[in-house]
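Enquirer: Coordinates for the following, if possible.
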Amino acid sequence: MSKNKEWLEFIETKGSKKTRRYRVLSKCDGSELGVIKWYPQWRHYCFFPTTEFETVHSDRCLIEISKFITNLNIEHKNKTGRTYTELMSRWRNRI
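Expert: Reported below is the predicted structural model:
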């Protein structure tokens, strides 16, 4: 499944049974900027920039990535019965 935004394209790739994985592509030149995948240590979807070359991100690009990740985390928490607020409260208590 591909989800298009203004500057980026998010393409779903094979993930695990419980979580999803997305390639993040630039609409400008089609280069892969990184992936969004589940990070079990934080129990949260996160963005992992590519290490193959240096990437530069504008505020608009980062906002698109952030909104996409926030929606994934909300969907995931709704499936598990936890609310996003509960998750964030639990996370803040660890810091």
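Enquirer: Now do the strands in the protein.
Expert: Ranges of strands within the chain are 2-4, 8-13, 21-26, 32-39, 44-49, based on DSSP state E.
Enquirer: Can you find the helix or strand of the protein with the lowest average pLDDT?
Expert: Sorted by mean pLDDT, DSSP states H and E, the helices and strands of the chain end with strand 2-4, the least confident at a mean of 58.
Enquirer: ok, longest helix in this protein?
Expert: Determined from DSSP state H, the single longest helix within the chain is helix 59-80.
Enquirer: show me what contacts Ser58?
Expert: Contact analysis of Ser58 by C-beta atoms under 8 Å, 6 or more residues apart in numbering lists Trp7. Where C-beta positions appear, they are placed from N, C-alpha and C, glycine not excepted.
Enquirer: For it, give its distance to Phe47.
Expert: Separation of Ser58 from Phe47 (C-beta to C-beta, to the nearest Å): 14 Å.
Enquirer: got it, and Glu6?
Expert: For Glu6, the distance to Phe47 - C-beta to C-beta - is 17 Å.
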